[in-house]
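*Asks:* Below are the sequence and a predicted model; questions follow.
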Amino acid sequence: MRVILLGPPGSGKGTQADLIYQSYGFPKISTGDLLRKEVENGTGLGRKVNEEMKAGRLVSDDLVLELVKQRLSADDCRSGYVLDGFPRTLNQASLLENLENNRQETAFEFKVSEPEILKRLSGRMVCLQCGAVYNINNNKPQADGVCDVCGSKLVVREDDRPEVIRERIRVYLETIVPLIDYYSKKKVLFQINGQDSTGNIFKAIKAVLDDRLAKDGEN
Ligand SMILES: [Zn+2]
């Protein structure tokens, strides 16, 4: 089973991917994480990626596909996996289909309003030391700007700055329409109310996945 999560930044896809992993054992493959790792390692690719991400632009299809292909060949992806942030373009969607054309597929579209996304993301701070994530709106650290877990200084990630968030939303809306159309025509698209509670969203996702896994015995 290939699960595809389509939604704007801040729509809660990452949290749902973790819940899917806990119930089904499908690992989360986030192209954002794959790209960030490349940046951290300071490779030539990483530097190019860094410039694009800083400007809120998308990274080239070839580069992203190379990273995804590498990741999908790992053993833990055999029975299924969850894609978060990929595919982002029609071109990527068809490259993905060519890569693995006999896997059952389910796509979820997370719907969240733009003001809600801005609210959720603009207060986000992360700890670069241990990876903990905080939010000044609803998940403050105990001491201002300091990580509860490891005591390191918290930072606002470059792509969580308001001007970059607005650009990310604009790019998302511009590119998502053809993808929604693509998966809808394949009859594998399911809409999710991204403003519902985390628990309710997962219930909806689980109902769809259980139904589809039962109907289609093969992966
Ligand atoms: Zn920390």
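*Replies:* That came in fine, so what should we check first?
*Asks:* use CA for all of it now, contacts and neighbours both
*Replies:* Fine.
*Asks:* Can I get stretch 203-219 in PDB, CA atoms only?
*Replies:* Taking C-alpha atoms only, stretch 203-219 is exported to PDB below (Å, rounded to 0.1, in the frame of the first residue of the first chain):
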ATOM      1  CA  LYS A 203     -10.500   7.600  12.600                       C
ATOM      2  CA  ALA A 204     -11.500   8.800   9.200                       C
ATOM      3  CA  ILE A 205      -8.200   7.800   7.600                       C
ATOM      4  CA  LYS A 206      -8.200   4.400   9.300                       C
ATOM      5  CA  ALA A 207     -11.800   3.600   8.100                       C
ATOM      6  CA  VAL A 208     -10.700   4.200   4.500                       C
ATOM      7  CA  LEU A 209      -7.400   2.300   4.800                       C
ATOM      8  CA  ASP A 210      -9.000  -0.700   6.600                       C
ATOM      9  CA  ASP A 211     -11.700  -0.900   3.900                       C
ATOM     10  CA  ARG A 212      -9.200  -0.700   1.000                       C
ATOM     11  CA  LEU A 213      -6.800  -3.200   2.500                       C
ATOM     12  CA  ALA A 214      -9.600  -5.700   3.100                       C
ATOM     13  CA  LYS A 215     -11.000  -5.300  -0.500                       C
ATOM     14  CA  ASP A 216      -7.600  -5.500  -2.200                       C
ATOM     15  CA  GLY A 217      -5.700  -8.400  -0.600                       C
ATOM     16  CA  GLU A 218      -2.500  -7.500  -2.400                       C
ATOM     17  CA  ASN A 219      -0.200  -4.600  -1.600                       C
END
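*Asks:* roughly how far out does it sit from the chain middle?
*Replies:* Here the centre of stretch 203-219 is set off from its chain's centre by 21 Å, with CA atoms, centre = their mean, to the nearest Å.
*Asks:* And the contacts of that stretch?
*Replies:* Counting by CA atoms under 8 Å, 6 or more residues apart in numbering, stretch 203-219 makes contact with Met1, Ile20, Ser79, Gly80, Arg103, Gln104, Thr106, Phe108, Ile192, all of which sit outside it.
*Asks:* which among the residues you listed gets closest to Asp148?
*Replies:* Nearest to Asp148 among the contacts of stretch 203-219, counting by CA to CA, is Ile20 at 27.0 Å.
*Asks:* Can you measure across stretch 84-101, start residue to end residue?
*Replies:* 19 Å (CA to CA, to the nearest Å).
*Asks:* Tell me the buried residues in that stretch?
*Replies:* Asp84, Gly85, Phe86, Pro87, Arg88, Thr89, Leu90, Gln92, Ala93, Leu95, Leu96 (16 or more other CA atoms under 10 Å).
*Asks:* Over to Val3. Which of the three states is it?
*Replies:* When classified by DSSP: H, G, I helix; E, B strand; the rest coil, Val3 comes out as strand.
*Asks:* So it sits against Ala107, correct?
*Replies:* Yes. Using CA atoms under 8 Å, Val3 makes contact with Ala107 at a distance of 5.8 Å.
*Asks:* what's the model's confidence in the top helix by length along the chain, averaged?
*Replies:* Scanning the chain for the helix with the most residues, using DSSP state H, yields helix 162-185. Average pLDDT, helix 162-185: 89.
*Asks:* Now do stretch 121-135, average pLDDT.
*Replies:* The average pLDDT within stretch 121-135 is 89.
*Asks:* Let's see it as CSV, backbone CA atoms only.
*Replies:* Output of stretch 121-135 as CSV, limited to C-alpha atoms (Å, rounded to 0.1, in the frame of the first residue of the first chain):
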residue,chain,number,x,y,z
LEU,A,121,2.9,27.8,11.7
SER,A,122,3.9,31.3,12.6
GLY,A,123,4.5,30.4,16.3
ARG,A,124,6.6,27.3,15.6
MET,A,125,10.0,27.0,17.2
VAL,A,126,12.3,24.0,17.0
CYS,A,127,15.3,22.6,18.9
LEU,A,128,18.1,21.9,16.5
GLN,A,129,19.8,19.7,19.2
CYS,A,130,17.1,17.1,19.9
GLY,A,131,14.4,17.8,17.3
ALA,A,132,11.6,18.8,19.8
VAL,A,133,9.0,21.2,18.3
TYR,A,134,7.2,23.9,20.2
ASN,A,135,4.5,26.5,19.4
